Each structure stands twice: as structure tokens, then as C-alpha cells.
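Enquirer: when you get a sec, could you give me coordinates for this:
(4 chains)
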Number of protein chains: 2
Amino acid sequence: MNEKQHEILNAAERLFEEKGFDGTSVRDIAKEADVNIAMISYYFGSKDKLLEALFDIRLENFKINEELIFKYCFSAFESLENLIFLYVKTMNQNAGVYKILSVEGGLKKKLINSDSFTRVKKYNLDLVTRVLEKGYSTGDFKYVVSPILLHSTMMGTFMNFQMNRLFLQNILEIQSDEAYSEYIENQLVNHIHKTIKALLIYEE
Amino acid sequence: MNEKQHEILNAAERLFEEKGFDGTSVRDIAKEADVNIAMISYYFGSKDKLLEALFDIRLENFKINEELIFKYCFSAFESLENLIFLYVKTMNQNAGVYKILSVEGGLKKKLINSDSFTRVKKYNLDLVTRVLEKGYSTGDFKYVVSPILLHSTMMGTFMNFQMNRLFLQNILEIQSDEAYSEYIENQLVNHIHKTIKALLIYEE
DNA sequence: GTTTAAATTAAACGTTTGTTTAATTTTGTA
DNA sequence: TACAAAATTAAACAAACGTTTAATTTAAAC
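Expert: Residues are numbered from 1 along each chain as shown, chains lettered A, B, ... in the order given. Predicted coordinates:
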């Protein structure tokens, strides 16, 4: 994959995030990437396949390093903390693709069923399940909760920050994108962690 | 607003939810509503204004009855429970518009700044703030949390269920849309409530 | 230096887009 | 019945869409 192909993918990512897949034309992408329109078909075949290629390549970055959650002698609490931290950090560092994935995944049925997409989702859900099992087996976690629901809380809270970026950036009075990213990786991660930990040690 | 106008709005809502605003053509809407294409411009002016009209009308349903949260002598815990229940129920009953709002609100900048949209968001955030203040003043809530973060957890968890409907309906082995809706108003509401309550009574 | 393949271009392709037109039908009122 | 307003229609509009073509330039290999 050469320089020009990468430029096309980067331009597509920026525009799909900002205007959506259907709201972006191949002419927009060509102009943003500073290439001839025909180059997109030439390299990627079609607009649809360009999106697929974008996912295929970027989804590689979504893999979380399991060792940092399980391998070393972490307590269940440490595993949970590391999971949440790594999870949010990973998604945040790929916020562009993540938003495209959220928006288009909710619309286009083909994409929702795309292998690579479903695989990542199931894998992530599996990580949550395993951390939960660890906590229950050690007795650290008291409250029994469905991994699906816990995962929804974790991801949903983060997703809400991605989808309502402008609104939240406004009321939080955060000026730059970098500061917003920092807020997510500090305050938001901390909040999600506190929330989930409180639930898991909750005794009725 | 006559019969035919309502049919157009209903058709638009279904299609915008399924395929997105930019993925839906006015011809699609006309066919779905079984009216002539020109009727859309005739009644609403343009496709953009049709979306605005849809929001203006549907957003009326998003108002939550404050009395059921504050007016009667509810404890802070009861207020919290009612807030979450009413909140999720309201959003779930308007799931179509809510999804359109989430998707298009994250893309089109004009809409994000539309008055009615921002007003609803701020109003909802205000409800959370007031419930929190009530709990802190009575001493029921121990853990101090930003209303924005708490709101994100509440809405995000729900939103995650709307955006990943197909995936979740699949792994939860829920067959019908009605059963999914029921799951949201029972298990999901309960989960959100337990989570937030656990956080608020959490003592470090 | 010649040859062959890859990269790049401007232009055109046929569709589809949102919107408008001008004519016709329906409806309500006097 | 006659008239005016509202509703409805098929057709047309220009613009934008994704994609392809055929010609040209660049790069690599021999």
C-alpha cells in the first residue's frame, strides 16, 4: 500500500467521520486527498470497497493487548482497571474510525455483519466476560451482572462522548480537540472505572 | 397538519432511521408514504426542512413529566429511580427519532445547534443535576460525581442498545422488536439504575 | 534506448439527486 | 352551478452522483 493510497484512506476517514459515508462524495475525497477522482476506483474498486478497506486496515488497531490484563499477577481489580483504561484509550486513539463504525454500523446492514467488525465486538465482549469471571472466582466482585450490560455501560458512556462531541465540548468549555481527548483518557476513564467498580462490589 | 403530511413524516422517520438522512432520497420517502414526489416540497419546502419538521414535532414527546420525579414526597432514591425509568422509557418510545437524532446530530452541524435539540439536551441534563443535588442535600448520595458524566453513563448505555440493535438482538437471542423493547424497559433500566445507585452510595 | 507495465489524467458515461414547472383534479364556498 | 383555492399529478430541470474510458505520462526492467 503506497503513499497515495494512504492519503486517500486518511482523507476518507476524515470526511466520513465529519459528514458520514452517504454525505461524502468520491469527488470530496479526491479533492481532500489531492488526487484524481479516478484513482479511487483504480486503487480500491469502488466507494463501498474503500470503506471496507478502511475498516479492514484500521480495525487492526482495535486489538487490545491481553497480557496487560491477564498475564501478569494482577488482582481482579487491577485487571478491571487495566481493561477499562486500555479499552477507552484504544477507542479514543481510533476515534475517527470508531465513530464511522458506530454511525454506519447502525445503518448499513452489510457492515454490521462484516466479519472483521463482528469479530472485534465479540472479542471485546469476551474480555469483559473473562475479567468478570476472574473477579467472581476470587470473590472480589460481589454483584453478578451480565457481561453484555456491563460492556454496554462501558462502551456506551464512551460512545456518548464521541457522538455528542460538539455539545459536550461546549458545556465542558473545552477548547481544543487535544484537551477533549485528554479529558476522555483521564476524567472519563476514571468515571467509568469508579462506576463499574462500585457496581461490582455493591452488596444489596 | 393533515393526514397526508403525517404519512410523509412517518415514512421519513422509518427511512431516516433505517438508512440515514443522506441515504434516503425524497423518491424513497414519496414511495414509502405513497404520495407524489412533489408533495414533499409542496408541504415541507425541502428535504432539509422535512427533517427539521420531523424533529420539531417529535421532540415534543421527549419532555419528561417533572412531577413524577420531584413534586411528590419522594426520597432522593425514589427520585433517581423515577428519573431513570422515565428517561429510558421516553427515549425508547421514541427510539426512531432518537436514533436519527444521535446519528445526524453527530454529523450535521446545523442540527446540533438547532434550538429545540440543544434545549432538550440541556433540560435533561438539568434534571440529572437536580436529582443529584437532592441526594447530596439529604445525605443519601455519598459519592460526588459530575452530572455530565452521570448523564453520559445513563444515556450512553441506552444509546449503545439503540445503535447496536442488530448485534445485541442477535447475541441476546431476542427475536422480535417488541421483546427487545421490553428488555430495554426492564433489564436495561434495572441495570442502569443499579449501576448509578451503586456509584452514588459508594464510599472510598 | 527500447519495451512493458503502472500510474495519472481529463473527459465522458448513464443514473440519480432535490426541486420546480405547468397542467389537471379535487375540494370548499357562495 | 360557478368560482376560487387547495391538492395532486406527470414531466422536466440542472446539478451531482459513482464509475469508466481512452489517452498520456511516469517508472521499472531488460
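Enquirer: any residues of chain A in contact with DNA strand D? List them.
Expert: Applying CB under 7 Å from any atom of the strand, we find that chain A lies next to DNA strand D at A:24-28, A:37-38, A:40-41, A:45-48. Yep, even glycine has a C-beta here, placed from its N, CA and C like the rest.
Enquirer: so A:Ile69 sits right up against A:Leu127, yeah?
Expert: Yes: using CB atoms under 8 Å as the test, A:Ile69 is close enough to A:Leu127 to be in contact (6.8 Å).
Enquirer: mutual contacts of those two, please.
Expert: A:Leu83 (CB atoms under 8 Å, 6 or more residues apart in numbering or on different chains).
Enquirer: those two: who's more crowded?
Expert: A:Ile69 (23 against 19; other CB atoms under 10 Å in any protein chain shown).
Enquirer: phi and psi next, for that one.
Expert: When read as degrees, to the nearest 10, the backbone of A:Ile69 gives phi -110, psi -40.
Enquirer: so who does it touch?
Expert: A:Ser79, A:Asn82, A:Leu83, A:Leu86, A:Leu127, A:Val131.
Enquirer: how much space separates the first one from B:Gly105?
Expert: In other words, A:Ser79. 36 Å (CB to CB, to the nearest Å).
Enquirer: also the last one?
Expert: Here the criterion is CB to CB. By it, A:Val131 lies 33 Å from B:Gly105.
Enquirer: show me the longest helix that occurs in chain A.
Expert: Identified as the longest helix of chain A according to DSSP state H is helix A:115-138.
Enquirer: which outside residues touch it?
Expert: By CB under 8 Å, 6+ apart, helix A:115-138 touches A:55-56, A:59, A:62-64, A:66, A:69-70, A:75-77, A:79-80, A:83, A:87, A:101, A:105, A:111-112, A:141, A:144-145, A:147-148, A:150-151, A:154-155, A:200, B:164, B:167, B:171.
Enquirer: pLDDT wise, what is A:Ser102 at?
Expert: At A:Ser102 the predicted local confidence, pLDDT, stands at 89.
Enquirer: buried ones in stretch A:173-188, by neighbour count?
Expert: The neighbour-count check on stretch A:173-188 (16 or more other CB atoms under 10 Å in any protein chain shown) flags A:Ile174, A:Tyr180, A:Tyr183, A:Ile184, A:Leu188 as buried.
Enquirer: buried residues in whatever helix or strand A:Asn190 lives in?
Expert: For A:Asn190, the host element (DSSP states H and E) is helix A:189-200. Of all the residues in helix A:189-200, those buried under the rule 16+ other CB under 10 Å are A:Val189, A:His191, A:Ile192, A:His193, A:Lys194, A:Thr195, A:Ile196, A:Lys197, A:Ala198, A:Leu199, A:Leu200.
Enquirer: near DNA strand C, which residues of chain A are found?
Expert: Residues of chain A lying near DNA strand C (CB under 7 Å from any atom of the strand): A:Asn2, A:Lys4, A:Val35, A:Asn36, A:Ile37, A:Ala38, A:Met39, A:Tyr42.
Enquirer: and of those residues, the nearest to chain B?
Expert: Proximity of the residues of chain A next to DNA strand C to chain B (CB to the nearest CB) peaks at A:Ile37, which lies at 19.4 Å.
Enquirer: for the closest one, which non-adjacent residue is spatially closest?
Expert: Distances taken as CB to CB, 6 or more residues apart in numbering or on different chains place A:Ala30 nearest to A:Ile37, at 4.4 Å, with adjacent residues excluded.
Enquirer: what's around the one you found, how many residues?
Expert: Around A:Ala30 there are 17 residues (other CB under 10 Å).
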